[in-house]
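Visitor: The sequence isn't on hand, but the structure is:
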């Protein structure tokens, strides 16, 4: 995949470039631009498949760059890089056909996730393929902090998940995370995690990857009796009834 990076801060440029190059040799940085005007020139010359562009740059900002590229009918995908306080602008950019946006500070997981989805869209093969049904993909318009929370749930559902600790990790209050999660996902964090764990338990049971005696511990419950209670609440059958139903299919 051929990639152009447009970023006016040298340190941020180096950081993003190093992140991309550390993920896979399949990702090639074909050009680097320090402002939007230079980025547009290099875009026409190098014809990258993907452009990572900062929102605020000299001469031509990220939004203007995207509009200009569309006017010139450049065939490329854009990923907008924004600061937290610029989120609303980033969301507007989705309407311009921007593939996705990343909120600073950017992590290697954030970049890898976007590149994997881009590879799939562009038809490229990737050994780092994203599992179908990614939680973040199910909520594409959610606040970036909510999407990060969903990614953490997806990766860490089998271990202890604490909303207060997650909020501290994200640099916001627990109350604010609760508000964002409820608004964008439609239900409280704790209820969502319970349902997600039960869906994972059902998958493990139906695929034969766990027995009914061990499945509770594989999806983050430390008490098998409590797991059984939650399973019945969510699945509307007991664990034993669910297993018997699988055996008769």
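Guide: Ah, there it is. No experiment lies behind these values; they were computed from the predicted model shown. Numbers count the residues shown, from 1 in each chain.

Visitor: hey, let's count contacts and neighbours off CA atoms from now on
Guide: OK.

Visitor: So what's the model's average confidence on the longest helix along the chain?
Guide: Criterion DSSP state H: the longest helix present in the chain is helix 189-206. Confidence over helix 189-206 (mean pLDDT, whole number) is 92.

Visitor: so which helix or strand takes in residue 109?
Guide: Residue 109 is part of helix 108-122, with elements assigned from DSSP states H and E.

Visitor: Just the buried positions in that helix, please.
Guide: Going by neighbour count (16 or more other C-alpha atoms under 10 Å), the buried part of helix 108-122 is 110, 111, 112, 113, 114, 115, 116, 117, 118, 119.

Visitor: what does stretch 22-33 give?
Guide: 27, 29, 30, 31, 32, 33.

Visitor: Also stretch 171-182?
Guide: 173, 174, 177, 178, 180, 181.

Visitor: The residue nearest to residue 142 when sequence neighbours are not counted - how many residues pack around it?
Guide: Excluding the flanking residues, the one nearest residue 142 by C-alpha to C-alpha, 6 or more residues apart in numbering is residue 184, at 5.4 Å. Number of residues near residue 184 (other C-alpha atoms under 10 Å) recorded here: 15.

Visitor: In three-state terms, how would residue 184 be classified?
Guide: State at residue 184, reduced to three classes by DSSP: H, G, I helix; E, B strand; the rest coil: helix.

Visitor: related to what we said a few turns ago, CSV for the buried residues of stretch 171-182, including pLDDT, secondary structure and distance to residue 208?
Guide: Shown next, in CSV, are the buried residues of stretch 171-182 (pLDDT from 0 to 100; DSSP: H, G, I helix; E, B strand; the rest coil; distance: C-alpha to C-alpha, whole Å):
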residue, pLDDT, secondary structure, distance to residue 208
173, 92, coil, 40
174, 92, helix, 37
177, 93, helix, 36
178, 94, helix, 35
180, 93, helix, 36
181, 95, helix, 33
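
Visitor: Return the residues in contact with residue 61.
Guide: 35, 36, 54, 55 (C-alpha atoms under 8 Å, 6 or more residues apart in numbering).

Visitor: Out of these, which one has the lowest pLDDT?
Guide: For the contacts of residue 61, the pLDDT minimum is residue 55, 87.

Visitor: So it versus residue 102, what's the distance?
Guide: 10 Å (C-alpha to C-alpha, to the nearest Å).

Visitor: next one: residue 5
Guide: On the measure of C-alpha to C-alpha, residue 5 and residue 102 end up 13 Å apart.

Visitor: Tell me which of the two has more neighbours.
Guide: Using other C-alpha under 10 Å, the more surrounded residue of residue 5 and residue 102 is residue 5, with 26 against 22.

Visitor: pretty sure that one is in contact with residue 55, am I right?
Guide: No. Taking C-alpha atoms under 8 Å as the definition, residue 5 is not a contact partner of residue 55, at 11.8 Å.

Visitor: In this model residue 145 seems to touch the residue nearest to residue 142, though I could be wrong.
Guide: No. Using C-alpha under 8 Å, residue 184 is not in contact with residue 145; the gap is 10.5 Å.
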